[in-house]
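> Using only what follows, build the 3D model:
(one chain, ligands or ions: 3)
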Amino acid sequence: MSSRDTIAAIATAAGAAGVGIVRLSGPGCRAIAATLLGRAPQPRHAHYLRFRDGDGELIDDGLLIHFPAPHSYTGEDVLELQGHGSPVLLARLLRRCLDLGARAARPGEFTERAFLEGRLDLAQAEAVADLVSAGSDAAARAARRSLEGEFSRRVDAVVDGLTGLRVWIEAALDFPEEEVDFLAAPELRDRLQTVAGELAALRAAAERGKRLVDGLHVVIAGAPNAGKSSLLNALAGEERAIVTDIAGTTRDLLRERIVVDGIELTLVDTAGLRDTPERVEQEGIRRARAELARADLVLAVLDDSRADAAALPLPDGVPVLWLHNKCDLSGHSVAAERRGDGRHLWLSAQTGDGLDLLRRELREAAGQGEGSDGAFSARARHLEALDRAAAWLERAATQLHHGAGELAAEELRQAQDALGEITGRVDADALLGRIFSSFCIGK
Ligand SMILES: Nc1nc2c(c(=O)[nH]1)N(C=O)[C@@H](CNc1ccc(C(=O)N[C@@H](CCC(=O)O)C(=O)O)cc1)CN2
Ligand SMILES: Nc1nc2c(ncn2[C@@H]2O[C@H](COP(=O)(O)OP(=O)(O)OP(=O)(O)O)[C@@H](O)[C@H]2O)c(=O)[nH]1
Ligand SMILES: [Mg+2]
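Numbering: from 1, shown residues only. Ligands and ions are numbered 1, 2, ... in the order given. All right, here's what the predicted structure looks like:
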């Protein structure tokens with residue numbers, strides 16, 4: 001069994017609640033359970049009892065459940081003490097467990113143990129945290145899928161593809177006397193292309209997953225008086241920002257966390273962009289520009305009722321959705337159109353016409369448009385590993401092109417290792433196993 005110590009923590013949120021749980025994991029659970037209960041608990045059975053401190057004083061009454069290893073969340077012996085959800089009582093109950101030999105758990109340590117016991121891989125363990133902090137229905141569903149192993153399975157599929165390529169190349173290197181040059185075979189190229197394609201698709205899906213977890217960072221920008229603050233209020237469903245007909249009303253950044261059709265996003269209202277001698281307004285504009293540079297999406301608001309709309313100075317490389325506001329004044333009908341510089345929508349923040357089109361666009365931008373049901377959660381760490389894997393794969397293709405099989409094989413291994421970092425699985429055995437099982441070379 002493990003030589004680990006026994007950890008304990010309040011597993012439920014801070015604050016008053018109906019019920020609260022102190023959870024323990026490790027080899028000390030049995031003894032602590034027996035002390036509290038006065039006898040050995042039945043496995044996975046809810047025992048009603050009175051929790052008492054060392055002097056016999058009553059702390060609380062509640063339930064005790066013992067999950068013997070390996071059938072528990074962590075895979076170790078786990079003990080749950082379920083009491084009333086009072087922070088004061090739970091703190092005393094936890095103190096009692098520490099007195100009985102447990103140690104206060106570090107953040108994430110229960111899930112870390114589940115990983116170390118092989119019950120979850122790394123991507124799944126991260127999904128637990130994403131699930132708990134999910135701010136929208138879509139984010140929770142995505143985290144649930146990653147926790148079920150959806151992301152890991154797709155990573156493993158690419159790893160398998162890479163293994164296949166390595167097996168092929170290793171064999172070609174082992175039998176150079178064969179008449180056919182296996183390294184130059186078009187089929188090998190095709191298979192490499194296929195794996196690269198799968199990797200790219202996985203990268204795109206993971207990027208959508210990351211955006212779901214983080215929540216889209218949407219910045220509203222435009223000329224003064226275009227209706228930026230009105231738009232924020234309309235999407236938030238509340239009068240959060242001050243709206244007046246005076247150009248230059250908004251100075252500070254105003255951030256609102258909103259959920260649009262089950263998608264969480266941060267909307268930022270900014271000062272109208274223009275040249276101004278006014279110091280406070282200048283500072284507002286400076287902040288607006290800094291915020292624009294960090295945006296996942298810019299909502300560029302134009303006043304459709306004015307003919308003098310100047311070009312907006314937007315940073316390069318940030319996706320922009322052009323919003324022609326005040327279409328109630330201009331007489332333009334609600335519409336969506338694709339142009340060379342991106343999507344354009346005609347709407348009215350004041351009447352609310354066209355807002356449904358905008359919400360749909362925001363869903364799309366968050367990677368949750370129609371046909372994206374299988375979204376799973378992902379993180380920057382995963383994207384970075386996928387990028388490294390893709391770079392190694394590309395290098396391998398180049399080496400192969402030059403007939404350098406050994407180098408290509410090594411680079412494919414590097415690509416595999418990069419992917420292995422996502423799940424925490426880097427197994428040489430799998431390759432060995434496949435090499436031996438797919439080649440009957442009789443020696
Ligand atoms: N009270 C309580 N609720 C909770 C948790 C918990 O730790 N305690 N969880 C904590 O995050 C989640 C559930 N996760 C769990 C995962 C596995 C096992 C478990 O005992 N698995 C055994 C038995 C499976 C079975 O009977 O089918 C196993 O896998 O062998 C328990 C909780 C959500 N709800
Ligand atoms: N008719 C009409 N008026 C609008 C619409 N949207 C905003 N307005 C009006 O336009 C004026 C400016 O609106 P704001 O939302 O304050 O504009 P802003 O872009 O935030 O302006 P600054 O903060 O000064 O940069 C106000 O009088 C609004 O009532 C719209 O869709 N239709
Ligand atoms: Mg404003």
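> Quick one: distance of the longest helix belonging to the chain to the chain centre.
Using DSSP state H, we find that the single longest helix of the chain is helix 186-214. Mean-position distance between helix 186-214 and its chain equals 17 Å (Cα atoms, centre = their mean, to the nearest Å).
> What is the following helix or strand past it packed up against?
Later in the chain than helix 186-214, the nearest helix or strand by DSSP states H and E is strand 216-222. In terms of contacts (3 or more Cβ pairs under 8 Å, 6 or more residues apart in numbering; DSSP states H and E), strand 216-222 is packed against helix 228-236, strand 263-269, helix 279-293, strand 297-303, helix 355-365. C-beta coordinates here come from the backbone N, C-alpha and C atoms, glycine included.
> Dump these to CSV, plus distance to ligand 3, mean pLDDT and mean neighbour count.
What follows is these, written out as CSV (distance: least, Cβ to the ion, whole Å; pLDDT from 0 to 100; neighbours: other Cβ atoms under 10 Å):
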stretch, distance to ligand 3, mean pLDDT, mean neighbour count
helix 228-236, 3, 96, 23
strand 263-269, 6, 91, 23
helix 279-293, 10, 94, 16
strand 297-303, 10, 96, 23
helix 355-365, 17, 91, 18
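> With distance to ligand 2 added, can I get the ones you listed in JSON lines?
Formatted as JSON lines, the helices and strands packed on strand 216-222 follow (distance: least, Cβ to the nearest ligand atom, whole Å):
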{"stretch": "helix 228-236", "distance to ligand 2": "3"}
{"stretch": "strand 263-269", "distance to ligand 2": "7"}
{"stretch": "helix 279-293", "distance to ligand 2": "9"}
{"stretch": "strand 297-303", "distance to ligand 2": "6"}
{"stretch": "helix 355-365", "distance to ligand 2": "10"}
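> Indicate which one of the ones you listed is closest to ligand 1.
With Cβ to the nearest ligand atom as the criterion, ligand 1 lies closest to strand 263-269 of the helices and strands packed on strand 216-222, at 21.9 Å.
> can you pull the buried residues of the helix or strand A33 falls within?
A33 is located in helix 29-37, with elements delineated by DSSP H and E. The neighbour-count check on helix 29-37 (16 or more other Cβ atoms under 10 Å) flags C29, R30, I32, A33, L36, L37 as buried.
> care to break this protein down by domain?
Structural domains annotated on the chain: 3-105, 131-212+377-437, 216-365, as defined by automatic domain parsing.
> export those domains to a markdown table and tack on distance to L120?
Below are these laid out as a markdown table (distance: least, Cβ to Cβ, whole Å):
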| stretch | distance to L120 |
| --- | --- |
| domain 3-105 | 9 |
| domain 131-212+377-437 | 8 |
| domain 216-365 | 25 |
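> between the ones you listed, which gets the lowest average pLDDT?
Mean pLDDT values for those show the minimum at domain 131-212+377-437, a mean of 89.
> Quick one: work out the angle between the longest helix of the chain and strand 263-269.
60 degrees (axes from the mean of the first three to the mean of the last three Cα atoms, to 10 degrees).
> Can you name every helix or strand that helix 186-214 contacts?
Other helices and strands packing on helix 186-214, by 3+ Cβ pairs under 8 Å, 6+ apart, are helix 137-147, helix 150-174, helix 380-401.
> Please work out which of those helices is packed deepest.
Highest mean neighbour count of the helices and strands packed on helix 186-214: helix 137-147, a mean of 22 (counted as mean count of other Cβ atoms under 10 Å).
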